[in-house]
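*Asks:* structure for this input, please:
(one chain, ligands or ions: 1)
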Amino acid sequence: MLATLRKFVLAESPSLEKPPADRCCGIVASEWRKRKARVERLAQKQRGDHLRITWAPQNARVSRQLLVLGHYDTVYASGTLAKMPFHITRGKVYGPGTFDMKAGLVQALFALDALQQSKAALRKRIVFLWTSDEEIGSDSSRKLIESEARRSDAVFVLEPSFGPRGLLKTSRKGVGEAEIIVHGRASHAGLAPQEGVNAVHELARQISRVQEWNDLRRGITVNADIIEGGTRTNVIAERARAVLDLRAQRIADMRRLERRLRSLRPSAAGARLEVHGGFNRAPMERKVSAALFARAKSLAAQMGLRLGECSAGGGSDGNLTAALGIPTLDGLGAVGDGAHSAREYVIVKTMPERAALLAALLASS
Ligand SMILES: [Zn+2]
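*Replies:* Below you'll find the model as predicted:
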């Protein structure tokens, strides 16, 4: 497993750089071809190609399918390996994209090995979908993920688990981004202040309004994390803009936040507001994961493993499949820590356990 992980990690695959991402895609594909799985490389213009891999037991007429979902892109630019080399120290394996989520891909590969070698009697075809743009919002893969999920009875997402005990993610917040643009009127701050409409002041009022929508206990957060406006100190600001990060735990709260955003009105006479954006990934509510998690927990117990669950504040492609109402279990990938940082690592001894758990889930679905 480590030798395969090394190959995947040494093939750097930044979401924003197509040539290296494509190279990584080819290396991942060749491992699946070795297992005699059917590999389709779905060419993309801007992003790395996506991979759809199908495996069905021979001689079996299966009409239903299970989807195993993951991404091979990482947040690290080419050349990161030089300062963050692949290495194994004290039972941990380090390197860009190890935890999020190349070890997850390796675990899926070995889960397939386990199913093939044990000649497990699968009832359903398995589709593994490895995409290239999860870390940048899944624009090029979203339709593909959704259409594949619609054909599937369950979706298993190989995003990293949480914490040293490897908790699965049975709910995730929905994530959005909105932009508020204020148009005011410029005027000389000294000679004709009465003719100006200050866009920065207006934006400040709007921000203090949206700030009140925060409700940490309900899992609702609204944060203006980028603001800009104005040109010079003696010119009343004509334009100002804020970009908001939006999160909600419940679908009803997501809808309410979106309605509230649309209903913002300027408070200063002469100011005009433009509001864009909204939620990109809807919340994954626990009810779409509950039954799968219960089964995962009992399968893990049969292997002598204790499996826990948690709720995640960040979104993944699991949010997309959950939004369609397809049973989805997320966080089935690597156990480790430090995603998106130089400390990223995977705990080596958990890799075979998690591969076995995935194999058991696939065989029993
Ligand atoms: Zn990820």
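*Asks:* how about residue 107, phi and psi?
*Replies:* Reported as degrees, to the nearest 10, the phi and psi values for residue 107 are phi -60, psi -40.
*Asks:* what does the model give the closest residue to it other than its chain neighbours for pLDDT?
*Replies:* Once flanking residues are discounted, residue 107 sits nearest to residue 355: 4.2 Å by C-beta to C-beta, 6 or more residues apart in numbering. In this view, the C-beta of every residue, glycine as well, is placed from N, C-alpha and C. Reading off the confidence values, residue 355 has pLDDT 98.
*Asks:* didn't residue 355 look like it was pressed against residue 112?
*Replies:* No - Residue 355 is not in contact with residue 112 according to C-beta atoms under 8 Å; the separation is 9.1 Å.
*Asks:* who touches the residue positioned nearest the centre of the chain in this structure?
*Replies:* Nearest residue to the geometric centre of the chain (C-alpha atoms, centre = their mean): residue 316, 2.3 Å. By C-beta atoms under 8 Å, 6 or more residues apart in numbering, the contact set of residue 316 is 134, 157, 159, 169, 172, 281, 330.
*Asks:* list the contacts of the last one.
*Replies:* By that I understand residue 330. 157, 159, 168, 169, 170, 172, 284, 289, 312, 316, 318.
*Asks:* those residues, buried ones only, as a PyMOL selection?
*Replies:* This is how PyMOL selects the buried members of these, with burial counted by 16 or more other C-beta atoms under 10 Å:
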select buried, resi 157+159+168+169+170+172+284+289+312+316+318
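*Asks:* from the contacts of residue 330, pick the one nearest residue 106.
*Replies:* The nearest member of these to residue 106, counting by C-beta to C-beta, is residue 159 at 14.1 Å.
*Asks:* what kind of secondary structure is that closest one in?
*Replies:* Here residue 159 is coil, with the state taken from DSSP: H, G, I helix; E, B strand; the rest coil.
*Asks:* for it, phi and psi?
*Replies:* For residue 159, the backbone dihedrals (degrees, to the nearest 10) come out as phi -60, psi 160.
*Asks:* measure how far the helix or strand where residue 359 lies is from the centre of its chain, please.
*Replies:* Taking DSSP states H and E as the criterion, the element that holds residue 359 is helix 350-364. Relative to its chain's centre, helix 350-364 lies at 21 Å (C-alpha atoms, centre = their mean, to the nearest Å).
*Asks:* and the closest residue to residue 115 other than its chain neighbours, how many residues sit next to it?
*Replies:* Using C-beta to C-beta, 6+ apart and skipping the chain neighbours, the partner closest in space to residue 115 is residue 359 (5.3 Å). By other C-beta atoms under 10 Å, the residues close to residue 359 number 23.
*Asks:* just residue 193 next, same as before
*Replies:* Residue 193: 11 surrounding residues under other C-beta under 10 Å.
*Asks:* what separates it from residue 115, distance-wise?
*Replies:* Using C-beta to C-beta, to the nearest Å, residue 193 is found at 74 Å from residue 115.
*Asks:* in the stretch 151-300 of the chain, what residue comes closest to the ion?
*Replies:* Closest approach between the stretch 151-300 of the chain and the ion, counting by C-beta to the ion: residue 159, at 4.8 Å.
*Asks:* longest helix in the chain, please.
*Replies:* Longest helix in the chain, counting residues (DSSP state H): helix 18-34.
*Asks:* and the contacts of that one?
*Replies:* 4, 7-8, 11-15, 39, 41, 44, 46-51, 53, 72-73, 78, 105, 109, 112, 128, 130, 132.
*Asks:* go on, stretch 318-329?
*Replies:* With contacts defined as C-beta under 8 Å, 6+ apart, stretch 318-329 is touched by 67, 69, 138, 142, 145-146, 149-150, 152-157, 159, 168-170, 172, 174-175, 281-285, 288-289, 291-293, 296, 330, 361.
*Asks:* now do the helices in the stretch 51-200 of the chain.
*Replies:* Assigned by DSSP state H, counting those that start in this stretch, the helices in the stretch 51-200 of the chain fall at 80-83, 103-117, 142-150, 199-211.
*Asks:* strands of the stretch 201-350 of the chain, residue ranges please.
*Replies:* 221-229, 239-248, 272-281, 309-312, 328-329, 336-337, 345-347 (DSSP state E, counting those that start in this stretch).
*Asks:* format these as a markdown table; extra columns: mean pLDDT and distance to the ion.
*Replies:* As requested, the strands of the stretch 201-350 of the chain are arranged in a markdown table below (pLDDT from 0 to 100; distance: least, C-beta to the ion, whole Å):
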| stretch | mean pLDDT | distance to the ion |
| --- | --- | --- |
| strand 221-229 | 97 | 21 |
| strand 239-248 | 98 | 17 |
| strand 272-281 | 96 | 13 |
| strand 309-312 | 96 | 11 |
| strand 328-329 | 98 | 15 |
| strand 336-337 | 98 | 12 |
| strand 345-347 | 98 | 13 |
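*Asks:* right, so those: which one is the most enclosed?
*Replies:* Across those, the average number of neighbours (mean count of other C-beta atoms under 10 Å) peaks for strand 328-329, which reaches a mean of 27.
*Asks:* okay, now the sheet partners of that one, with direction.
*Replies:* strand 152-157 (parallel) (DSSP bridges).
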